[in-house]
Structure formats: C-alpha cells, structure tokens
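**Q** quick one: sequence plus predicted model below, questions after.
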There are 2 protein chains.
Amino acid sequence: MPKLVSADVEASLRQRIAGGEWQADNRLPNERDLAAEYGVARNTVRAAIDRIAAEGGLVREVGRGTFLKQAAPPDLRAIIGKLTGVSPIDMMAVRGILEPRAAALAATNASASELDSIAAAHAAASAAEEMEAFEQWDGAFHQRIFTGSRIELLNYLHDILLLIRNQDLWVQIKRRSFSPARRLAYCAEHAAIVQALMQRDAGAAEAAMRAHLDTVARNLFSVSAAP
Amino acid sequence: MPKLVSADVEASLRQRIAGGEWQADNRLPNERDLAAEYGVARNTVRAAIDRIAAEGGLVREVGRGTFLKQAAPPDLRAIIGKLTGVSPIDMMAVRGILEPRAAALAATNASASELDSIAAAHAAASAAEEMEAFEQWDGAFHQRIFTGSRIELLNYLHDILLLIRNQDLWVQIKRRSFSPARRLAYCAEHAAIVQALMQRDAGAAEAAMRAHLDTVARNLFSVSAAP
DNA sequence: CCTGTCTGAACCAGATATGGACCAATTATC
DNA sequence: GATAATTGGTCCATATCTGGTTCAGACAGG
C-alpha cells in the first residue's frame, strides 16, 4: 500500500492550494509540519513540493518559508484542452504570423542538408497523387522549414499546431477544400519557397510563404472546392 | 483445472480497466497484490499483463508500478517535456515573432475595455516597487495584449510561453538581469505601447513592442545588471 | 513420454521512502 | 549586537516497493 506516497502528497497539496486554503497569507506550513501532518518523511514532502514549485506555482525562500505565487500559472493540460477547440480562422492567422518568419529564419539558419530535406519533402508532395500522401508530405514540408529555422521553441509550437491540424474537424475542412488543381497550385508555391530558401534569400522566402498561406486560407474558407 | 487461468485473469483485467476501476491515478495494483487477489501465482498475472501491455494499453515501470496509458497522446507528452528545456534565446526569438504582431492586432481588434485593462496593467507595473510585483504585472500586461488581439489561439500560445517563463530557471535569469533602472526603462516602453494601442495605430504598436522586446533581450543576455 | 501451463520461490535492478545529519539564510529574542 | 530558533537546501545510508528474470517442480492432456 505505502507506495508513491509523494504523488499522493503532491495531489493533496495541489488540491489544497487550488482550494485556497493558504490564500490568507500566501504561505504554506513549513516542510517539517507538513511531513508530520501527512505522516511521511520530510524528503517526501519536499519531492512533492519540488514538482509543484517547478511549474512556478510556489516560491521557496530559505529561512522564511514556502509561498504561493499571487497568480497561479495556467496548467498546460488545460491549455492543450482549450487548443482542441480552436477555430480554423485563428489557426490560419497564427500560421500567417509564424510561418513567414520561420521561412525567413530557415533561409539564413538552415544547414545545407536541412535545405535538401525541405526540397525532398516538396518533391515528394509534388509526386503524390492521392490527397493523403500529399497531406503528409505537405505537413513534412512545413515542419522541416520550422526545423531549419534552428529555433527549437518555434519547432515545438509548430508541433502543437500540427496536433490541432490533425484533428477530425480540421481534417474534414481540409478534405472539403482539396482539389487536384489546388494541389498543383500549392506545389508551385512550395517551389517558389524552396527556390528562395536555396538562394538564402530571407525576404523572398518570407514573401513566398506569406503568399502561399494566403492561398491556402482563401481556399480553406471559400464555399466549395474548384472542380 | 489449472488451465486457461492466465486467460481468465487477462479477461478480468481488461474488463476492470475498461470499467475505469483504476482511472483515478492511472495505476494498477502491483503484480504481487493482483496475484494474491486472484489466488494465482505472480507469473500467471504477469503473463496476462504481458499480453495487455503488448497492445500498448499499459505501461510498466520498474520500481514504480503498472500504469494505464490513456492520458495525453505520447507526442504531446514529448512536447511538454521538451518545452521545459527551452533556451532563453529561443524564447526571446519567438516572443519577437509573436508579440509585435499581437500588439498590432490588439490595436485594431481590442475592445475599449480590453485597452483599459492593458493600460491598468501598465499602471500597476509602473507603481510596483518590488521585482515580484512588477514581474506579475508585466506578465499581465503582455498577456492582456494577446487577449486584445482577439485571436484565441495566439492567446493560448502565449499561455504556453508564460508557463516556460514561470519556470525556476527562467525566473533566476530574470532576477539576474533585473534592476530598478531597467524597470523604469521597461515602463517607459510599455507607455509607448499603450499610447499606440489607445490611438489604434497598429504600425506604431508593432514597432513599439519590437523595440521593447529588443531592450528586454539585450538586458537578459548582457553580462550583468546595471547598478 | 512429451508439451504446455501454472506454481512457488528466489534473486536482480531501478525507483522511492525513510530518518537523520548538517548547512545557510532568515527571523525572533535577549 | 549577539544568540537562539526557525526554515528551506543538501546529502547520506538504509529500507521498502516494484517490475524483470530465472528456475525447479507439479499437473493435465495428447
């Protein structure tokens, strides 16, 4: 039975914090008292507090105590939960902010092999006949541009956007807007981006990406797909 | 009839998992307890769990236990893990991409009350003497600009950035770079942003935000804080 | 007899918990 | 101002809990 005690303590503390138990003076009981209260060793309580404090919800000060931060930080899980309900309009707006800059950064920062990898994804997408295969390589193309930007965090944010993009509702929207003619148009725009990247022309890459996203947005939100 | 015992255990376990018996903490009883509960040898229980785990429904961790694998998709978990290790340089690069655009959008999209709320956060930050209070209002100031952009997804992405910003390591970096003189400089730059927003001047808001982030980045990455 | 399953047991290695000690910074007390 | 008490920070040796592995033997069915 007595196993993963610190996880239990952690859960209990989180609950009590959320319940406002110590909001009066923003101060938690000291570690020794908490350990006694829970009937566990101090190190166990410390492990639990460590995990909560790592997320920024608590501040510890030697000789003073452990304190609540005034504003509780948003929980990542909750954020992700909200992300699932994001509208396609918002999605394209954010892509319109991130991707042109990512392309510009990739033009200057990407290694030669990264550029090759981007070009390869473009080639594979161009060769794809079916929508599924095209979608996959299109996703890889954009992903690799983010990788080429050499900004890790930017890459992670795009991972999150990809999660949204792969959700059912989004997939349906994409399917409705898909047509062979549009696929060809996308490939031509991709080619322009690749060319700009290869020439290390940041401004051109940014502009080409912006034009591409404009096209995608226009197609996504038009009433029906062209025949 | 000692036959098909492990199959029975397997079926029972599957049923209990599906029934949500252990969803509270995602954790199954340990193998020895399960064996005792079913009146069976531990090896038998292990064989049953082996088959369930092979399908990916369970994860076993030596020394910890056997857990249900249902929570977040694995790629999401990976993203969460990576987010905690992001470098400050990356962080500022991404802020430099997102925030000026958010400011521009807020200049055109924010409601009057949202603008008031932004101005209020600026005023509170200006009035704050201690670093902690200033940090809090500074965070609120930037957060409210994202809210004013009226792009939900942008707001969520900033939540994620805030999460990183509230982590221990990041807090230490900020503390090192903090000084009263710099706080005053930040407040002056905030004032310029607020003025541009109030005048609904998207271009000026974007430029003011960009200048502000440049200052912040320069201060963060300089060797030491000014006296 | 041979095969497959279950039993009961032992031991391993990794993760966690314990109980204690000492340190360093802060605060209260004299 | 000196001293003591309080509090978080760090470390350690030890114990316990957990899944991982192996083995010898029992037993049923072909």
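**A** Yes, it's here.
**Q** starting at the chain centroid, how far to stretch A:206-215?
**A** 21 Å (Cα atoms, centre = their mean, to the nearest Å).
**Q** now do the strands in chain A.
**A** Per DSSP state E, chain A carries strands over the ranges A:58-61, A:65-68.
**Q** lowest-confidence helix or strand of chain A?
**A** Here the helix or strand of chain A ranked lowest by mean pLDDT, DSSP states H and E is helix A:76-83, holding a mean of 71.
**Q** render the CA-only coordinates of that helix in CSV, please.
**A** Output of helix A:76-83 as CSV, limited to C-alpha atoms (Å, rounded to 0.1, in the frame of the first residue of the first chain):
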residue,chain,number,x,y,z
LEU,A,76,-0.5,23.1,-19.6
ARG,A,77,-3.1,20.4,-19.7
ALA,A,78,-5.9,22.9,-19.6
ILE,A,79,-4.3,24.9,-22.3
ILE,A,80,-4.0,21.9,-24.5
GLY,A,81,-7.6,21.1,-23.8
LYS,A,82,-8.6,24.5,-25.0
LEU,A,83,-6.4,24.2,-28.0
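**Q** give the other helices and strands that it contacts.
**A** If you count contacts as 3 or more Cβ pairs under 8 Å, 6 or more residues apart in numbering or on different chains; DSSP states H and E, helix A:76-83 packs onto helix A:152-165, helix B:74-83, helix B:152-165. To be clear about C-beta, it is placed using only N, CA and C from the backbone, and glycine gets the same treatment.
**Q** same thing but 7 Å
**A** If contacts are counted by 3 or more Cβ pairs under 7 Å, 6 or more residues apart in numbering or on different chains; DSSP states H and E, helix A:76-83 sits against helix B:152-165.
**Q** ok, which residues in chain A are in contact with DNA strand C?
**A** Selection of chain A residues close to DNA strand C by Cβ under 7 Å from any atom of the strand yields A:2-7, A:39-44, A:47, A:61-64.
**Q** among the residues you listed, name the buried ones.
**A** Buried subset of those (neighbour count, 16 or more other Cβ atoms under 10 Å in any protein chain shown): A:Val5, A:Ser6, A:Ala7, A:Val40, A:Thr44, A:Ala47.
**Q** got the contact list for the second one?
**A** Remark: with contacts taken as Cβ atoms under 7 Å, 6 or more residues apart in numbering or on different chains, A:Ser6 is in contact with A:Thr44, A:Ala47, A:Ala48.
**Q** which residues touch A:Ser149?
**A** Each residue near A:Ser149 by Cβ under 7 Å, 6+ apart is listed here: A:Ala102, A:Leu105, A:Ala106, A:Asn109.
**Q** need the contact list for the nearest residue to it once chain neighbours are set aside.
**A** Leaving aside its sequence neighbours, A:Ser149 sits nearest to A:Leu105 (Cβ to Cβ, 6 or more residues apart in numbering or on different chains; 3.8 Å). A:Leu105 is in contact with A:Ser149, A:Arg150, A:Ile151, counting by Cβ under 7 Å, 6+ apart.
**Q** ok, so of those, who is nearest A:Ala11?
**A** Proximity to A:Ala11 was ranked across these by Cβ to Cβ; first place goes to A:Ile151, at 35.5 Å.
**Q** now that closest one: how far from A:Arg144?
**A** 14 Å (Cβ to Cβ, to the nearest Å).
**Q** again with A:Leu154
**A** To A:Arg144, A:Leu154 is 13 Å away according to Cβ to Cβ.
**Q** thank you kindly, that will do.
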